[in-house]
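*Asks:* below is the sequence, then the predicted model.
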Amino acid sequence: MRPRSCKRLLEHTFVHIQGIGEKTEQRLWSQGILTWTLFLNGEKPVFSKERDAFIRQELEASLKHSGDIRFFRDRFPATHMWRLYGAFRKSAVFLDIETSGGTIDMDEITVIGLYDGAETQTFVNGINLQDFELAISRYDLVITFNGASFDLPYIRRRFPSITLPPAHIDLRFFLRRLGYQGGLKRIEKQCGLCRDLAIEGMDGYDAVRLWRAYQWGDASALDLLVQYNTADIVNLKPLMEMGYEQMKSRLLSCAHW
C-alpha cells in the first residue's frame, strides 16, 4: 500500500543526494525506506558507515529546508525537476509569451500571460508590460511549454535585471518523456483539452497577425490575442497535473509500492 503522503513526492525522493540515482532510490523503497524520516530513524546501516553519515546529513538538511525550493533546485538533476511540483504547486505560475514575429534582433514581446491556478494576469506591450517584472517575482516555480528555448530567453532580454522564479519546469521536454510529441496545441488535443471556437486552430502566426492588426487600430484584435494567450497558460495546468500524476505513477509502480 502506498503511504498517504506520496501525493507529495518530495519527501520520498532521494535522487537529490549526491551518489543516489533512480536505481538506488528504488532499492531504498523496496527495503521499506520510503521517506527521509524512515531513513533517519533506521537503526541498521544501509550503506557504509561513511556514506550513511553523509546521507543522514543531507536528509537532515532536506527536512530543514523542505520549504526552500532553491535548496532542491540546486540538487535535483534536470530530469527530476518535475518532482518539485507536488510540494510547491501553491507557489507555481504558468507562463506564456507572444511576440511581434520580427527578426531575432527586432522581435519583441507583445503579450505575457501568467496563471497561478486561480487567476490570470495579462501584460501588454505599451500598456502594462512593465508591471510583469514585479508580478513574476512573487512565485517560486515557473512552468512553461518550450520556455527554456523561447519564453525565458526573450524575457531575460527584455528585462535584463529581472528576478525569475528560482525553479523552472518545461513541459515540452517533460511531456515528451511520457510519450507526448509535437507542439502544445497537438498535445492538448491528445489529452482532450478544447479551446473556444473563436481561437480554435489559431497558432503563433495568427498571434503575430492579431498584434499587427491591433497596431493598425483594431482593438478587437488585442482582445482575441489575449484570449489566445490566456488559453495557452490555462491549459498548461491540467497538462502539468496530468504529467505529474502519470510520471509519479510510473515511478512508484517500478518500485512496486
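*Replies:* Yep, it's here.

*Asks:* low-confidence ranges, the stretch 101-250 of the chain, go.
*Replies:* 103-106 (pLDDT under 70).

*Asks:* in it, which spans are helices?
*Replies:* Applying DSSP state H, counting those that start in this stretch to the stretch 101-250 of the chain gives helices spanning 132-136, 151-158, 171-177, 184-190, 204-215, 219-254.

*Asks:* which one of those helices lies closest to residue 61?
*Replies:* helix 219-254 (23.1 Å; CB to CB). To be clear about C-beta, it is placed using only N, CA and C from the backbone, and glycine gets the same treatment.

*Asks:* what residues sit buried inside the closest one?
*Replies:* Neighbour-count burial for helix 219-254 flags 221-222, 224-237, 239-240, 242-244, 247-248, 251-252 (criterion: 16 or more other CB atoms under 10 Å).

*Asks:* and residue 66, which of the helices of the stretch 101-250 of the chain is closest to it?
*Replies:* Across those, closest to residue 66 is helix 219-254 (CB to CB), at 18.1 Å.

*Asks:* centre of the chain to that closest one, how far?
*Replies:* 10 Å (CA atoms, centre = their mean, to the nearest Å).

*Asks:* ok, stretch 189-205 next?
*Replies:* 21 Å.

*Asks:* and if you look at stretch 89-96?
*Replies:* 7 Å.

*Asks:* swap in stretch 213-223?
*Replies:* For stretch 213-223 - counting by CA atoms, centre = their mean - the centre lies 32 Å from the chain centre.

*Asks:* now tell me what touches that stretch from outside.
*Replies:* For stretch 213-223, contacts defined as CB atoms under 8 Å, 6 or more residues apart in numbering pick out 124, 210, 211, 225.

*Asks:* mind picking the two most distant members of the residues you listed?
*Replies:* 124 and 210 (11.9 Å).

*Asks:* more neighbours, these two?
*Replies:* The residue with more neighbours, out of residue 124 and residue 210, is residue 210; 26 against 21, by other CB atoms under 10 Å.
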